[in-house]
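Engineer: Need a 3D model of the sequence below.
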Amino acid sequence: MAANMRGLTQFIADIRGARVRELEEKRINKEMANIRKKFKDGNLDGYQKKKYVAKIIFTYILGYKVDVGHMEAVNLISSSKYSEKQIGYLAVTLLMHENSDFLRLVVNSIRKDLDENNEVSNCLALHAIANVGSSEMAEALSEDVHRLLISPISPTFVKKKAALTLLRLYRKHPTVIPAAEWALRLISIMDDQDLGVVICVTSLIMALAQDHLDAYAVCYTKAVDRLHRLVIEHEYSPTYAYYKVPSPWLQVKLLRLLQYYPPSEDGTLRSVLHEVLQTIMNNSAEPSRNVQHNNAQHAVLFEAISLAIHLDASSPLVGTSALLLARFISSKETNVRYLGLDTMAHLAARADSLEPLKKHQGTIILSLRDKDISVRRRALDLLYSMCDTDNSELIVGELLRYLKVADYALREEMVLKIAILTEKYANSYKWYVDTILQLISAAGDHVGDEVWYRVVQIVTNTEDLQEYAAKVVFEHLKSPSTHESLVKVGGYILGEYGHLIANDAGYSPLEQFQVLHSKSQFCVASTRSLLLSTYIKWVNVFPEIKPQLINIFERYRHVLDAELQQRACEFYALASRSDDDEVLQNVCEEMPPFPPRVSALIGRLNRKLGDTEDKRTWIHGGKEMNLERQAITRKTTLGTGPSANGTAAGTADAQDVVNSLAGLDLSSSGDQPDSSRMDSSVVAPPLAVGPSVDRWFNKLTYGTEGVLYEDVQIQIGIKSRYQGHIGQLAVYFGNKISAPLTSFTSTVHVNDSEALSATFAKIPPNMIAARTQSQQLLHVECKKAFSSFPILTVSFLAGAHQSISIRLPISVTKFIEGVKLGQADFFERWKVIGGPPREAQAVFPIALDSAGQLDLVRHRQVVSGNRLEVLEDVDPNPSNLVGAGVLHTSVDGKVGCLLRLEPNREAKLCRLTVRSTSEDVAAEVLRLIERVLRSDP
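Structural biologist: All right, here's what the predicted structure looks like:
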């Protein structure tokens, strides 16, 4: 660029040739003055504007303040020449901040470049939007960027940049992007032929799906399908094979995306995913000599192990993973050791049993002394996660020993984790107090107030511990150097419980006073205030040292600190009262037990660790802590919704730590119900409507095959068969147009998954060729009686994105098996079942046939089509129908069902009575048959 502009080349040469800064500034000031004059005179052509703006950019890059050239940069963006446009965009992104008024002048020019059928102009505009990323720009141009991304004529290069630009805008201004509205269209791009586009779109969907899980649920199937095609079918171009590993970046992103969702209930998806994970682990069983190949394979492997743990921590795959991880944490490569420890911490956070990890406890403890601090940090996290009541003393002891030589960057986090583990897994109160006092002595300044608050609460609430705690803290205070936090603990405990040990040798009131007061001169005002409170309590219980204490109050009455002075004056007045005065005794009564409250330590630890753009699906701290976190997350999601960047949680944690003290639970934690599966209820999509749609559906509710939906582009047909509580539907998708239907997706939404399961036998194909038909087998199982129809949602690209949602004719009557009964048997069972609530009855109008007669043939078709056996010679009226059947369910067993249909030609009415051993079944069978008989044939 500079070679074509001699003035710019010379200016750069002069700057580089300046020997001192004064000469450089002089040259720059001279050039800036010349540029201002040229801009003021005007009449500059595009080349001159480009040259002068380039000089301004170079000056700005050197670190000098620039206040000229903004308008000229805006004008250059509108140029038709690439070199001028490029300099204009470069100046805008460098010289203008996101709140600059000049940006409003640029928006229309950027929109024009986005609309051009020129990929260079498109890319320059996308770069500017992503780099500046102002709120105003995001609101004005996000739709245009989205249009570029979904346009079928956009080059792949532009699509990739458009996806990453939307990702940048969403991270900066999440409310501007209508994420849920764009969900299906963005997910369809995951089927793009170019893996580069898929990688970029997957990155975008990963960010969007974290905040809109339900809207992006379809991406789960797409991710599994793409992984299967990459890993099993090797469907990728050689360009995307990195040292023989197929697109490791895409594999890692897809494996991470799947971890955002609860394990799928779909057996087909589970089996495909298991095959993918098994293949990945088999491929990584033997390390290669090629470092790059190993790195790529390990990146995929560690993410695959994390997904396997997420899906089922007790599966054989995780057993294999544990063996691999044991090998990795002893690896010579730092990165492999780091990832091995981190993934093992994930296993510890999910596993039902920690025994496989405890086998490698020695290796993990040795990792605390690794030469790399990041490995040491991961080892600390793993020990924290794998601690339980059996190994707590060993792990806490090791952490305390390591604390004395640990990096300062690790110490505060270590202190919090040691305090949490000591409290959570303490086998005795004495061990808890000893450990925490050792921690305070060793860690010093890294101990937060929450830690010593907790000790105070435990001692106050545990009467058997008070005498022991007073002796132990006294011994710690006798050491030459004592940290201030220990002085606070000693002041509180000796003030409250020093009288319990005053008669023992070496713990007299005078000795207690001398030891504690000798530390006060090194303490800050707040600690001295606490010690004054200790002294006034001693005045009440230790009259033999009252003169010394009154002398201290007298001295502190004249200090400059207002708090200390006020306390000293008040305490002096109290101490000076006569010995038989009850005021002092009432004021100095022993502290009552603290009420149990929620721990503040874990909240502080979580605040310290913070969060990242890619929210973790687990936290360090064992299975119990992860279950609690998931319960809170689910409650937040179902209640008030997620707070932005955890603000609500941060506010709660920031409350006064004194109010956040919690009791010490020494009882072993019992087994808790597995709440790893999130609430899978998703709002059903809007249904396709129309008279033909309803007619086709009604016919299929009592038929076995036929058209379910049809329009100018697609036809959907069904063939079905049922046996007991199992059913199978062959769903036919016919492409009626002369172009392929791409990014084809079909999903089934079941409202009550505990009553009915419906899964495709295999993942649907993502494309249906022109004028061809594709068949998918759908397996259904009736577990309990249900009342809502499953919904089939089909989406595809045919020029524009289309989405169709239709009801599947799967009702509870499909799982009924007809039963032949004689007249006597029928009426006997009819009477046994009895009336309401096991009887459901309705009277409704019916249509007559063209001859004005009852349509008895249709009545029979409807009853038998709902799989009830039509019984002959039971009802003497030939117009009436009697039916019997047994509903098969896999959970509730068999349910008997009897029916009587009594039409009346003169009144054009029909009475339908259904009796069943289940009142729910009776009501549902009545509703289904009445619904069809009411409608026109």
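
Engineer: Tell me where the stretch 201-350 of the chain has strands.
Structural biologist: Along the stretch 201-350 of the chain, counting by DSSP state E, counting those that start in this stretch, strands occupy 241-242, 245-246.

Engineer: export these to JSON lines and tack on distance to residue 352?
Structural biologist: Quick note: C-beta positions are derived from backbone N, CA and C, even for glycine. Listed next are those as JSON lines, based on distance: least, C-beta to C-beta, whole Å:
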{"stretch": "strand 241-242", "distance to residue 352": "36"}
{"stretch": "strand 245-246", "distance to residue 352": "33"}
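
Engineer: any idea which of those strands is most buried?
Structural biologist: Stretch with highest mean neighbour count among these: strand 245-246 (a mean of 23; mean count of other C-beta atoms under 10 Å).

Engineer: mind listing what that one pairs with, with the direction of each?
Structural biologist: strand 241-242 (antiparallel) (DSSP bridges).

Engineer: I'd like to check what contacts the partner strand. Which residues are they?
Structural biologist: By C-beta atoms under 8 Å, 6 or more residues apart in numbering, the list of residues contacting strand 241-242 from outside reads 247, 248, 249, 292, 296.

Engineer: For the first one, grab phi and psi.
Structural biologist: Here the main-chain torsion angles of residue 247 (degrees, to the nearest 10) amount to phi 40, psi 70.

Engineer: Which residue comes closest to it once chain neighbours are left out?
Structural biologist: Closest residue to residue 247 apart from its sequence neighbours, by C-beta to C-beta, 6 or more residues apart in numbering: residue 240 at 4.3 Å.

Engineer: Just put the strands of the stretch 201-350 of the chain in JSON lines and tack on mean pLDDT and distance to residue 524.
Structural biologist: Shown next, in JSON lines, are these (pLDDT from 0 to 100; distance: least, C-beta to C-beta, whole Å):
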{"stretch": "strand 241-242", "mean pLDDT": "93", "distance to residue 524": "58"}
{"stretch": "strand 245-246", "mean pLDDT": "94", "distance to residue 524": "58"}
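
Engineer: rewinding a little: which members of the contacts of strand 241-242 define the maximum pairwise distance?
Structural biologist: Across those, no pair lies farther apart than 247 and 292, at 14.3 Å, counting by C-beta to C-beta.

Engineer: For residue 429, give its distance to residue 773.
Structural biologist: Distance of residue 429 to residue 773, computed by C-beta to C-beta, to the nearest Å: 74 Å.

Engineer: Of the two, which one has the most company?
Structural biologist: Neighbours per residue, other C-beta atoms under 10 Å: of residue 429 and residue 773, the larger number sits with residue 429, 18 against 13.

Engineer: Could you give me the buried positions within stretch 137-157?
Structural biologist: For stretch 137-157, burial by neighbour count (16 or more other C-beta atoms under 10 Å) applies to 137-138, 140-142, 144-146, 148-150, 154-155.

Engineer: Oops, could you answer that again for stretch 807-822 instead?
Structural biologist: 807-819, 821.

Engineer: And for stretch 398-418?
Structural biologist: Residues of stretch 398-418 classed as buried by neighbour count (16+ other C-beta under 10 Å): 398-400, 402-403, 406, 410-418.

Engineer: That stretch: end-to-end distance?
Structural biologist: Start-to-end span of stretch 398-418 (C-alpha to C-alpha, to the nearest Å) is 10 Å.

Engineer: So for that stretch, mean pLDDT?
Structural biologist: When pLDDT is averaged along stretch 398-418, the result is 86.
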